[in-house]
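**Student:** sequence-free structure coming up:
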């Protein structure tokens, strides 16, 4: 595997379900990010992890719970979601040094029924 | 507060023509970075080009170039000799210079459609 991978690519869940999104980066980066992309809205930064520590949490509801066990893996645990949480969830990674460009995974298309 | 503005929600261009996608930004920082990303219908965001605020020359990457006008706070993307595969959403983004992690904010995007 190369680059940034995300699983699953598509997820349909009910409001009472618990599920997790997984992200893995194979680029040797030391920062990872979760973004939410809704229709007709700019990309919204949700969480930032730098050296496995959370450094940013942009007022995200507690029904979204991130986990970063090491510099290569990032999870987003989901529980009791709302239909308005349906969106494309993108994971990205970057180096803490240099230009800071982020490399993105293909995203998970989430639908909440 | 930092802000990225893309005023063209959609554009249609004939294949092989050059196209300019507009981006203006607002920041009070002296050190910052500007990016362009491409998002095809598959969803993945693809990094295209980077311009640092202290770079004196405009960045170029193959058919992509960034027209950086610092005084005007604009960072337009120019795609030369457009191809059908260039049809996608394009996002301008900015990183401020002082984050411990490179937090990037994105514009609302421009949907580019290339006509054969």
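**Tutor:** Here it is on my side, so go on. This one's a predicted model, so the numbers in the text were calculated from it and none came from an experiment. Residues are numbered from 1 along each chain as shown, chains lettered A, B, ... in the order given.
**Student:** Which strands and helices lie in contact with the helix or strand bottoming out on mean pLDDT in chain B?
**Tutor:** Least confident helix or strand of chain B, by mean pLDDT, DSSP states H and E, is strand B:104-106 with a mean of 89. Applying 3 or more C-beta pairs under 8 Å, 6 or more residues apart in numbering or on different chains; DSSP states H and E, one finds that strand B:104-106 makes contact with strand B:3-5, strand B:88-96. From N, CA and C alone the C-beta is placed, and that goes for glycine too.
**Student:** Swap in 10 Å and give it another go.
**Tutor:** Applying 3 or more C-beta pairs under 10 Å, 6 or more residues apart in numbering or on different chains; DSSP states H and E, one finds that strand B:104-106 contacts strand A:31-37, strand A:44-50, strand B:3-5, strand B:32-39, strand B:88-96.
**Student:** Show me the helices in chain B, by range?
**Tutor:** Assigned by DSSP state H, chain B shows no helices.
**Student:** What residues does it have near chain A?
**Tutor:** B:4, B:6, B:9, B:32-35, B:37, B:39, B:42-52, B:89, B:91, B:93, B:95-97, B:99-109 (C-beta under 10 Å from any C-beta of the partner chain).
**Student:** picking up where we left off before, any residues touching the least confident helix or strand of chain B, and which ones?
**Tutor:** Residues from elsewhere that reach strand B:104-106 (C-beta atoms under 10 Å, 6 or more residues apart in numbering or on different chains): A:33, A:35, A:37, A:42-45, A:48, A:92, A:94, A:100-102, B:1-4, B:6, B:25, B:27, B:33-35, B:37, B:45, B:91-96.
**Student:** returning to what we had before: averaging pLDDT over each of the helices and strands packed on strand B:104-106, report the lowest-scoring one.
**Tutor:** Mean pLDDT per stretch puts strand A:44-50 lowest among the helices and strands packed on strand B:104-106, at a mean of 89.
**Student:** Enumerate the positions of the helix or strand just after that one that are buried.
**Tutor:** For strand A:44-50, the following helix or strand on the C-terminal side (DSSP states H and E) is strand A:53-57. Counting neighbours by 16 or more other C-beta atoms under 10 Å in any protein chain shown, one finds that the buried residues in strand A:53-57 are residue A:56.
**Student:** Pairing partners for the helix or strand that strand A:53-57 is followed by, with directions?
**Tutor:** Per DSSP H and E, the first helix or strand lying C-terminal to strand A:53-57 is strand A:64-70. Next to strand A:64-70 in the sheet, as set by DSSP bridges, lie strand A:73-79 (antiparallel).
**Student:** A strand includes residue A:6, no?
**Tutor:** Yes. Assignment of residue A:6 by DSSP: H, G, I helix; E, B strand; the rest coil places it within a strand.
**Student:** quick revisit: how about CSV for the helices and strands packed on strand B:104-106, with mean neighbour count added?
**Tutor:** Listed next are the helices and strands packed on strand B:104-106 as CSV, based on neighbours: other C-beta atoms under 10 Å in any protein chain shown:
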stretch, mean neighbour count
strand A:31-37, 24
strand A:44-50, 21
strand B:3-5, 16
strand B:32-39, 24
strand B:88-96, 23
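**Student:** closest to residue A:108 out of the ones you listed?
**Tutor:** strand A:31-37 (10.2 Å; C-beta to C-beta).
**Student:** sorry, back to before: dump the helices and strands packed on strand B:104-106 to TSV, plus distance to residue B:67.
**Tutor:** As requested, these are exported to TSV (distance: least, C-beta to C-beta, whole Å):
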stretch	distance to residue B:67
strand A:31-37	26
strand A:44-50	27
strand B:3-5	16
strand B:32-39	11
strand B:88-96	12
